[in-house]
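Visitor: Sequence first, predicted coordinates after that:
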There are 2 protein chains.
Amino acid sequence: MIHGHGDDLNFKGMSLRADFSSNTYYGGLPPGLTEHLQDQLPRLAHYPEPDAAELTRLLADLHNISPEQVLPGNGATALIYRLARLYTGKRSAILVPTFSEYEDACRLNNHQLTYLSRESLSTQSSLNADVIWLCNPNNPDGSLLPSVDIETLLKTRPQTMVIVDEAYEPLAFQPCSVLPLLPQYSNLVVIRSLTKAFAMPGIRLGYVVTHPKIIAQLKYFAQPWELGTMTQETGKFIAINHQSLLPDRKKLEKETNLFREQLQQLPEFAFYPTSCPFLLGRTLQGKASELKHWLQDKYSLLIRDATNFRGLDSSHFRVSLRTQKENQLLIEALKQWKA
Amino acid sequence: MIHGHGDDLNFKGMSLRADFSSNTYYGGLPPGLTEHLQDQLPRLAHYPEPDAAELTRLLADLHNISPEQVLPGNGATALIYRLARLYTGKRSAILVPTFSEYEDACRLNNHQLTYLSRESLSTQSSLNADVIWLCNPNNPDGSLLPSVDIETLLKTRPQTMVIVDEAYEPLAFQPCSVLPLLPQYSNLVVIRSLTKAFAMPGIRLGYVVTHPKIIAQLKYFAQPWELGTMTQETGKFIAINHQSLLPDRKKLEKETNLFREQLQQLPEFAFYPTSCPFLLGRTLQGKASELKHWLQDKYSLLIRDATNFRGLDSSHFRVSLRTQKENQLLIEALKQWKA
């Protein structure tokens, strides 16, 4: 799906009062990044490292693993497509509702697809899948599958590749990465993104962490200079300054809880629980698409119509935590919906 | 081939007096680009256009064609791989010696490969190829296949896709693009690069121009956000300011001719004719790899060892035109080779 992911107005120069549609961290670009990239601009006159070796080393250091276990890519999405290509024609099960690119990438590579609800996963003992795709914490609802459940999957299905997309893990209210399970399971593949927690989706940068054997397989599809200079330099800056740039999980939890409490007082809507600073909601009157356009036209506020997530219906939308002031704008606007 | 393309030292922070190894324009980044990108840095906090639609429109305007005939990509190399994937399993003929990525991309996608010398092309009436790959002007030797010869190919082989990589066309001493042939031939695919003539290989940006039907086929493999914000903004800046930023072909010709005359006076070397500001040379004593290391260690000058081009041998190297002062450094150094 090329279009329909949210954040679809900003670049068209429309003036928005606040954008709740993209589930990146509301805090804006990491301090110091703009200045750092400014300094790097003259380097555009040279070729970047063809295989992003230095960035790979820094990411490996960050997770205290070997560079042979890491592959950076041109956005987590590019790595999803690369993994789907590696497993061309296999049987894939996708836990839905979730990010639509797993499905698109699998389809493009002729996978045989099964869709499971997250709730039904534990009862699917007969599931016959070569690959399981899950996003944890999940987009669009921020739900969290406990590590112990993922470990059960890894243990009971040693022939199944379990691909865990942790794009939102650094934003989760509790650390919940399954990276500590890597040494024990050769069927675990973890996708990480540097652009959600560090609020810079304009830079495409994600990475896969897994067993060296799988990294070597993924490298079979490699092309020189996949990552440009700005992307590599951004990744290095984030990897080096990771700890100090990470958003404060506890603060995000507190603010999200407050936001959700206020949203739940609105009688026209229902909101799901979440473990991340974004929320799946439903409008009890009208459609999410109407709500989106109404908010945009009347209040210059942007939300994500979540109708196009497999398993959701026309009532669903997603909102992300913003600053307290911006959150109030949304709450006041929503109060007027169908009033 | 991930490594071995040249420009392989700059990013390692070694101090070079001059880099003759990369065949991008010596003039450095286009005036105004750095300032423009500086202004765009805050936009990294938003998603880029998922399909680079505005950039596509501007590139179409540049060539006075329809946006349905243009597909921008994450470097010309990414588009070479995409084209090779589109023609998976086909019979490909590659005119050699040339850029190694055609071969690598075809191999990855299980093409049946044939290699032709450029000289033998006209005599190959029995050639049974679904796809012909040629770089024009050619890397590494700057040789030029006249448009009329390419038109003969297109006309006599209507079932064969002719892929012409024009990465160096804006640097050629004479305009030599086959883009004017597009309306007449649906079997012509042209690859263009924005990073050679505009000296910014750190930005990955190329585009394909061809029949709308082929563009639609290539889009089948599309992923959202393939081009990040910096790449899209660079492309837009170049497309808008194209005419004023283009290097002066006549000046390049004059300077290259002068450089070549001086190089040809060196008895230890031979140089091929060229239509571009880079030259293929041979050392008559020793190996190109030794020459490269000797120049690097003794003079901090970098050349491209061209041994790894299919069809060349251990004596071949490539040098690009630099400023007159830098060119003299190389000439003075080469005078000492095996002296």
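Guide: Good, I have the coordinates.
Visitor: can you tell me which residues contact residue A:34?
Guide: B:41-42, B:44 (CB atoms under 8 Å, 6 or more residues apart in numbering or on different chains). Yep, even glycine has a C-beta here, placed from its N, CA and C like the rest.
Visitor: which of those come close to chain A?
Guide: Among those, the residues within reach of chain A (CB under 8 Å from any CB of the partner chain) are B:41-42, B:44.
Visitor: Could you turn the buried ones of those into a ChimeraX selection?
Guide: The ChimeraX selection below is limited to those of the ones next to chain A among the contacts of residue A:34 classed as buried (16 or more other CB atoms under 10 Å in any protein chain shown):
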select /B:41,44
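Visitor: I'd like the ones next to chain A among the contacts of residue A:34 written out as JSON lines, with secondary structure added.
Guide: Conversion of the ones next to chain A among the contacts of residue A:34 to JSON lines gives the following (DSSP: H, G, I helix; E, B strand; the rest coil):
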{"residue": "B:41", "secondary structure": "helix"}
{"residue": "B:42", "secondary structure": "helix"}
{"residue": "B:44", "secondary structure": "helix"}
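Visitor: Specify which member of the ones next to chain A among the contacts of residue A:34 is nearest to chain A.
Guide: Taking CB to the nearest CB as the measure, residue B:44 is the one of the ones next to chain A among the contacts of residue A:34 closest to chain A, at 3.6 Å.
Visitor: which ones are touching the residue nearest to the closest one when sequence neighbours are not counted?
Guide: Excluding its sequence neighbours, the residue lying closest to residue B:44 (CB to CB, 6 or more residues apart in numbering or on different chains) is residue A:202, at 3.6 Å. Contacts for residue A:202 were tallied using CB under 8 Å, 6+ apart; they are B:43-48, B:228-230.
Visitor: redo that, cut-off 6 Å
Guide: Neighbouring residues of residue A:202 by CB atoms under 6 Å, 6 or more residues apart in numbering or on different chains: B:43-44, B:46, B:48, B:228-229.
Visitor: need these in TSV with secondary structure and distance to residue A:69, can you?
Guide: What follows is the contacts of residue A:202, written out as TSV (DSSP: H, G, I helix; E, B strand; the rest coil; distance: CB to CB, whole Å):
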residue	secondary structure	distance to residue A:69
B:43	helix	33
B:44	helix	28
B:46	coil	32
B:48	coil	29
B:228	coil	25
B:229	helix	29
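Visitor: any idea which of those residues has the most stuff around it?
Guide: Neighbour tally across the contacts of residue A:202 (other CB atoms under 10 Å in any protein chain shown): the maximum, 30 neighbours, falls on residue B:228.
Visitor: So it versus residue B:69, what's the distance?
Guide: Between residue B:228 and residue B:69 the distance, using CB to CB, to the nearest Å, works out to 24 Å.
Visitor: Next up, identify which helix or strand the residue nearest to residue A:272 when sequence neighbours are not counted is on.
Guide: Nearest-residue entry for residue A:272: residue A:280, 4.6 Å, with adjacent residues in sequence omitted and distances by CB to CB, 6+ apart. When secondary structure is defined by DSSP states H and E, residue A:280 falls within strand A:278-283.
Visitor: by contact count, what packs against that strand?
Guide: Under the contact criterion of 3 or more CB pairs under 6 Å, 6 or more residues apart in numbering or on different chains; DSSP states H and E, strand A:278-283 touches strand A:269-271, strand A:316-320.
Visitor: what's the closest of those to residue A:64?
Guide: Nearest to residue A:64, of all the helices and strands packed on strand A:278-283, is strand A:316-320, at 30.7 Å by CB to CB.
Visitor: Could you list every helix and strand that the next helix or strand after that closest one packs against?
Guide: Using DSSP H and E, the next helix or strand after strand A:316-320 towards the C-terminus is helix A:324-335. Counting contacts by 3+ CB pairs under 6 Å, 6+ apart, there are no secondary-structure elements packed against helix A:324-335.
Visitor: Quick one: work out the angle between helix A:324-335 and strand A:316-320.
Guide: Helix A:324-335 runs at 160 degrees relative to strand A:316-320, counting by axes from the mean of the first three to the mean of the last three CA atoms, to 10 degrees.
Visitor: What residues of helix A:324-335 count as buried?
Guide: For helix A:324-335, the buried set under the neighbour-count rule, 16+ other CB under 10 Å, comprises A:326-327, A:329-330, A:333-334.
Visitor: Save the residues you listed as CSV, and put in distance to residue B:98 and pLDDT too.
Guide: What follows is the buried residues of helix A:324-335, written out as CSV (distance: CB to CB, whole Å; pLDDT from 0 to 100):
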residue, distance to residue B:98, pLDDT
A:326, 54, 98
A:327, 57, 98
A:329, 58, 98
A:330, 57, 98
A:333, 59, 98
A:334, 60, 98
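Visitor: How about the residues of the stretch 151-300 of chain A by chain B?
Guide: Residues of the stretch 151-300 of chain A found near chain B (CB under 6 Å from any CB of the partner chain) are A:199-204, A:223-225, A:228-230.
Visitor: how about low-confidence regions in chain A?
Guide: Across chain A, residues meeting the criterion (pLDDT under 70) sit at A:8-14.
Visitor: and it, what are its domains?
Guide: Chain A breaks down into these domains under automatic domain parsing: A:10-27+A:248-335, A:33-245.
Visitor: from these, which stretch is densest packed?
Guide: Among the domains of chain A, the stretch with the highest mean neighbour count (mean count of other CB atoms under 10 Å in any protein chain shown) is domain A:33-245, at a mean of 20.
Visitor: gap between it and the chain center?
Guide: Offset of domain A:33-245 from its chain centre (CA atoms, centre = their mean, to the nearest Å): 9 Å.
Visitor: now swap in stretch A:245-259 and tell me
Guide: When distances are taken as CA atoms, centre = their mean, stretch A:245-259 is centred 17 Å away from the chain's centroid.
Visitor: distance of the residue in the stretch 1-150 of chain A that chain B sits nearest to from residue A:282?
Guide: When CB to the nearest CB is the measure, the stretch 1-150 of chain A has its nearest residue to chain B at residue A:44, with 3.6 Å between them. Plainly put, residue A:44 is 46 Å away from residue A:282 if you go by CB to CB.
Visitor: wait, isn't residue A:262 in contact with residue A:330?
Guide: No - shown here, residue A:262 and residue A:330 do not form a contact pair, counting by CB atoms under 6 Å, at 9.3 Å.
Visitor: picking up where we left off before, quickly name whichever of the ones next to chain A among the contacts of residue A:34 is closest to residue A:192.
Guide: Nearest to residue A:192 among these is residue B:44, at 18.4 Å by CB to CB.
Visitor: check contacts around that closest one.
Guide: By CB under 6 Å, 6+ apart, the contact list for residue B:44 reads A:200, A:202-203, B:229.
Visitor: need the residues you listed in a markdown table with distance to residue B:291, can you?
Guide: As requested, the contacts of residue B:44 are exported to a markdown table (distance: CB to CB, whole Å):
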| residue | distance to residue B:291 |
| --- | --- |
| A:200 | 43 |
| A:202 | 43 |
| A:203 | 39 |
| B:229 | 41 |
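Visitor: among these, which are in strands?
Guide: With strands taken from DSSP state E, there is no overlap with these.
Visitor: Relative to residue A:256, how far out is the nearest residue to residue A:331 once chain neighbours are set aside?
Guide: Nearest-residue entry for residue A:331: residue A:262, 5.2 Å, with adjacent residues in sequence omitted and distances by CB to CB, 6+ apart. In this structure, residue A:262 lies at 11 Å from residue A:256, with CB to CB as the measure.
Visitor: same check, this time on residue A:102
Guide: Here the criterion is CB to CB. By it, residue A:102 lies 25 Å from residue A:256.
Visitor: what's the answer for residue A:116, then?
Guide: Relative to residue A:256, residue A:116 is positioned 27 Å away (criterion: CB to CB).
Visitor: And for residue A:53, nearest residue in space, chain neighbours not counted?
Guide: Taking CB to CB, 6+ apart as the measure, residue A:53 lies nearest to residue A:67, with 7.7 Å between them; neighbours along the chain are not counted.
Visitor: and that neighbour, what is it in contact with?
Guide: Shown here is residue A:67, whose contacts under the criterion CB under 6 Å, 6+ apart are A:56-57, A:60.
Visitor: Let's see that with 10 Å instead.
Guide: The neighbourhood of residue A:67, defined by CB atoms under 10 Å, 6 or more residues apart in numbering or on different chains, consists of A:53-61, A:212, A:215.
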